[in-house]
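In: model the following, please.
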Amino acid sequence: MTVAVLASSRQVVWRYLGVVHALIICDLLHLITRLVLDLTLLDNLIFFFVFVPRLGHFA
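Out: Purely as a prediction, here's the structure:
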């Protein structure tokens, strides 16, 4: 009886840990993608405001 209860509670704990782990990984991926997207947005803005006017001067 107690062995069955311990086994089931252990399963619940592992399932809970798996869910938490998956959520943490998803949060990290989300954060990384947001950082990458922000960087590309920043790069595009820098390119647009720095290089495009210079190209206009050369033309």
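In: now the helix or strand of the chain with the lowest mean pLDDT, how far from the chain's geometric center?
Out: One helix or strand of the chain scores below all others by mean pLDDT, DSSP states H and E: helix 52-58, with a mean of 72. With C-alpha atoms, centre = their mean, to the nearest Å as the basis, helix 52-58 stands 37 Å off its chain's centre.
In: convert the C-alpha atoms of that helix to CSV, please.
Out: Listed next in CSV are the C-alpha coordinates belonging to helix 52-58 (Å, rounded to 0.1, in the frame of the first residue of the first chain):
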residue,chain,number,x,y,z
VAL,A,52,20.9,55.1,-46.2
PRO,A,53,21.6,58.8,-45.7
ARG,A,54,25.3,58.2,-46.6
LEU,A,55,24.2,56.4,-49.7
GLY,A,56,22.1,59.4,-50.5
HIS,A,57,25.1,61.7,-50.2
PHE,A,58,27.1,59.5,-52.6
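In: elements contacting it?
Out: Secondary-structure packing of helix 52-58 (3 or more C-beta pairs under 8 Å, 6 or more residues apart in numbering; DSSP states H and E): no helix or strand packs against it. For every residue, glycine as well, the C-beta is placed using N, CA and C.
In: tell me which residues of that helix are tucked away?
Out: Using 16 or more other C-beta atoms under 10 Å as the burial criterion, none of the residues of helix 52-58 qualify.
In: so what touches that helix?
Out: Applying C-beta atoms under 8 Å, 6 or more residues apart in numbering, helix 52-58 has no contact partners.
In: count of neighbours near residue 5?
Out: For residue 5, the tally of surrounding residues (other C-beta atoms under 10 Å) stands at 9.
In: ditto for residue 22
Out: 10.
In: in which helix or strand would I find residue 21?
Out: Counting by DSSP states H and E, the secondary-structure element that holds residue 21 is helix 2-46.
In: now do the buried residues in stretch 41-51.
Out: So, applying 16+ other C-beta under 10 Å, stretch 41-51 has no buried residues.
In: what's the offset of that stretch from the middle of its chain?
Out: For stretch 41-51 - counting by C-alpha atoms, centre = their mean - the centre lies 24 Å from the chain centre.
In: can you show me the CA trace of it as CSV?
Out: Presented in CSV, the C-alpha positions along stretch 41-51 are these (Å, rounded to 0.1, in the frame of the first residue of the first chain):
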residue,chain,number,x,y,z
LEU,A,41,15.3,45.5,-35.3
LEU,A,42,18.1,47.7,-33.8
ASP,A,43,20.4,46.7,-36.6
ASN,A,44,17.8,47.5,-39.2
LEU,A,45,17.2,50.9,-37.6
ILE,A,46,21.0,51.7,-37.4
PHE,A,47,21.3,50.6,-41.1
PHE,A,48,18.4,52.7,-42.1
PHE,A,49,19.4,55.9,-40.3
VAL,A,50,23.2,55.6,-40.7
PHE,A,51,23.9,54.0,-44.1
